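>>> okay, sequence plus prediction incoming.
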Amino acid sequence: MNKVTILLVEDSPDDVELAMRALRKQHLLNDVIRAEDGAEALDFMYGRGRFEGRDVREQPKLVLLDLKLPKVNGLEVLAVIKSDADLKHIPVVMLTSSREDPDIRQAYELGANSYIVKPVDFEQFLAAVSEIGFYWMLLNQPAKP
């Protein structure tokens with residue numbers, strides 16, 4: 001159960017590529033799972049759909065979650081994760097382009113551990129994701145589930 005798993009929930013192929021580059025730079029690419037939309041993210045967490053049969057006792061150590069997603073939006077995914085006793089301990093970092101106060105407020109009210117606005121600049125985006133990965137995967141000491 002010591003796998004370093006990051007669930008990256010992102011529908012933009014460009015942002016996925018940049019995030020993967022940044023995580024690779026921090027040597028955190030070992031076990032990154034990508035979900036293209038909110039429904040797929042929940043399927044991963046609960047071992048459904050294309051993740052049927054996955055050991056749900058092996059949950060990610062970090063969820064990087066976009067806000068604006070197809071099917072199920074990021075706030076809905078966040079609400080499900082943080083309302084589930086078996087999942088609520090998992091850090092969820094909102095990584096989104098929305099600077100809207102209602103989005104930020106609602107994310108924190110639903111239990112987001114952090115809310116980061118994606119930088120428009122390529123180098124800043126790489127740096128932001130790299131720092132997120134370093135902090136949450138290597139520095140942060142999580143509570144045991």
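Perfect, thanks for sending it.
>>> does V117 touch R99 like I think?
Yes - the criterion here is C-beta atoms under 8 Å, and V117 meets it with R99 at 5.3 Å. Heads up, the C-betas are built off the backbone N, CA and C, glycines and all.
>>> what about the two, which has more around it?
When neighbours are counted by other C-beta atoms under 10 Å, V117 and R99 differ, and V117 comes out ahead with 16 against 10.
>>> contacting residues around that one?
Under the criterion of C-beta atoms under 8 Å, 6 or more residues apart in numbering, the contact list for V117 reads 96-99.
>>> which residues does it bridge with?
Beta-bridge pairing for V117 (DSSP bridges): T96.
>>> how far away is it from I33?
Distance of V117 to I33, given as C-beta to C-beta, to the nearest Å: 24 Å.
>>> before we move on, the earlier item: buried among the contacts of V117? Make that a PyMOL selection.
PyMOL command restricting these to the buried ones, with burial defined by 16 or more other C-beta atoms under 10 Å:
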select buried, resi 96+98
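>>> between the contacts of V117, which is nearest G111?
Within the contacts of V117, proximity to G111 (C-beta to C-beta) peaks at T96, which comes in at 15.6 Å.
>>> all good on my end, thank you.
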